[in-house]
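In: Please find the sequence and the predicted model below.
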Amino acid sequence: MKEGRIDLGVVRMPIVDPQLQVTESFQLQDCFVAGARYAKLKNEVLTLDALLQYPIILFSRNSRARMTITEVFHNYGYSIKPEIEVGSVDLLIEFARRGLGISYVTREFVSKELEEGSLFEVALDIPLPPSQVGLLTMRNMPLSNAAKTFIGLVK
């Protein structure tokens, strides 16, 4: 964005940068999901300790989602160390579906898989905080018509 190659960004908050402005924000809910290999967990409510007995799949270390879940576990006195780290939502979903572990994903991104039953949500005995998502633009820079239209559709 700062290089002028894109007009806006859709990012997890918080973002602290005086050159950027949040034009709209909304909430998404993160959760842990698993595939058929872990079907025995469908009707259980897991503690964090119990969850950590299974292979965990997370976004790469520097992602906002990874920082968030690491902080949640830290606040409860645990350290979360993934078995697998990936750089895309698609891999988080596919690896969980194939039974490689339990993935931490945004619920809204797996609604189809949850509905069709290829994934199920792993229930925890603690609440996971929602994620704030923001549409970012450069301060004092005019937006392209496409960016204005996209922001209008999101609102």
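Out: Thanks, I have the structure now. Residues are numbered from 1 along each chain as shown.
In: Grab the longest helix from the chain for me.
Out: Counting residues, the longest helix found in the chain (DSSP state H) is helix 64-75.
In: Give me the next element, helix or strand, following it.
Out: Using DSSP states H and E, the helix or strand that follows helix 64-75 towards the C-terminus is strand 84-86.
In: name the helices or strands packed onto that following strand?
Out: strand 56-59, helix 89-97 (3 or more Cβ pairs under 8 Å, 6 or more residues apart in numbering; DSSP states H and E). Glycine gets a C-beta too; all of them are placed from N, C-alpha and C.
In: Give me the contacts around stretch 21-31.
Out: Outside stretch 21-31, the residues that touch it by Cβ atoms under 8 Å, 6 or more residues apart in numbering are 8, 13, 15, 65, 68-69, 104-108, 121-122, 128-139, 151, 154-155.
In: In it, which residues are buried?
Out: In terms of neighbour count (16 or more other Cβ atoms under 10 Å), stretch 21-31 has its buried residues at 21, 23, 30, 31.
In: Need the mean per-residue confidence for that stretch.
Out: The average pLDDT within stretch 21-31 is 86.
In: if we can go back for a sec, show the buried residues in the contacts of stretch 21-31.
Out: 8, 65, 68-69, 104-107, 122, 131-138, 151.
In: that older thread, who wins for proximity to residue 41 among the helices and strands packed on strand 84-86?
Out: With Cβ to Cβ as the criterion, residue 41 lies closest to helix 89-97 of the helices and strands packed on strand 84-86, at 11.9 Å.
In: mind listing what's buried in that closest one?
Out: Buried residues in helix 89-97, defined by neighbour count with 16+ other Cβ under 10 Å: 91, 92, 93, 94, 95, 96, 97.
In: Model confidence score at the last one, please.
Out: You'll see residue 97 listed with a pLDDT of 97.
In: mind listing what it touches?
Out: 35, 113, 118, 119.
In: Can you verify my assumption that the third one contacts residue 35?
Out: Pointing back at residue 118 there. Yes - between residue 118 and residue 35 a contact is recorded at 6.5 Å, counting by Cβ atoms under 8 Å.
In: Those two: who's more crowded?
Out: residue 35 (22 against 16; other Cβ atoms under 10 Å).
In: quick one: the closest residue to residue 70 other than its chain neighbours from residue 1, how far?
Out: Of all residues not flanking residue 70 in the chain, residue 80 sits nearest, at 5.9 Å (Cβ to Cβ, 6 or more residues apart in numbering). Applying Cβ to Cβ, to the nearest Å, the value for residue 80 to residue 1 is 30 Å.
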